[in-house]
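Student: Below is the structure, and that's it, no one-letter string:
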């Protein structure tokens, strides 16, 4: 009986698109050094799992880092959880804060 329930749940999950936030594959990284780029951010977090996306949020007016970003890990890698368990993180000699990313309110 357990297999049938599991199968129904997994087929329902395939019908709707789960976001990285819903799957807990994405982390928010705050307090970033101002001169870090997405490659360095992704490289730092690749030690915890395969990184599929890393982004540093930029101020469009001043063309500089807003001091935070997001890292998305491959689904099922457990990278976000490993990164959370490995705190504190220091990037370019600066401690950064990480949290699981929350889905945007619709």
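Tutor: The structure has been received and is ready for your questions. Everything numeric in this text was worked out from a predicted model, so none of it was measured.
Student: Contacts for the host helix or strand of residue 99 next, please.
Tutor: Taking DSSP states H and E as the criterion, residue 99 maps to strand 94-100. Strand 94-100 is touched from outside by 21, 24, 26-33, 80, 83-84, 87-90, with contacts defined as CB atoms under 8 Å, 6 or more residues apart in numbering. Where C-beta positions appear, they are placed from N, C-alpha and C, glycine not excepted.
Student: In PyMOL, select just the buried ones from these.
Tutor: Applying 16 or more other CB atoms under 10 Å to those leaves a buried subset, and the PyMOL line that selects it is:
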select buried, resi 21+24+26+27+28+29+32+33+80+83+89
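Student: mind listing the helices for the protein?
Tutor: Taking DSSP state H as the test, the helices found in the chain are 2-15, 38-45, 79-85.
Student: taking the mean pLDDT, what do you get for the longest one?
Tutor: Here helix 2-15 scores 44 as its mean pLDDT.
Student: got any ranges where this structure has weak pLDDT?
Tutor: 1-17, 105-106 (pLDDT under 70).
Student: And the residue nearest to the spatial centre of it, how close does it get to residue 101?
Tutor: Closest residue to the average C-alpha location of the chain: residue 26 at 2.3 Å, with CA atoms, centre = their mean. Look at residue 26 and residue 101: by CB to CB, to the nearest Å, they are 4 Å apart.
Student: got any residues that touch both of these two?
Tutor: Shared contacts of residue 26 and residue 101 (CB under 8 Å, 6+ apart): 20, 70.
Student: Given the strand holding residue 99, what are its sheet partners and their directions?
Tutor: Counting by DSSP bridges, the strands paired with strand 94-100 are strand 26-30 (antiparallel), strand 89-91 (antiparallel).
Student: starting at the chain centroid, how far to it?
Tutor: Remark: strand 94-100 is offset 11 Å from the chain centroid, using CA atoms, centre = their mean, to the nearest Å.
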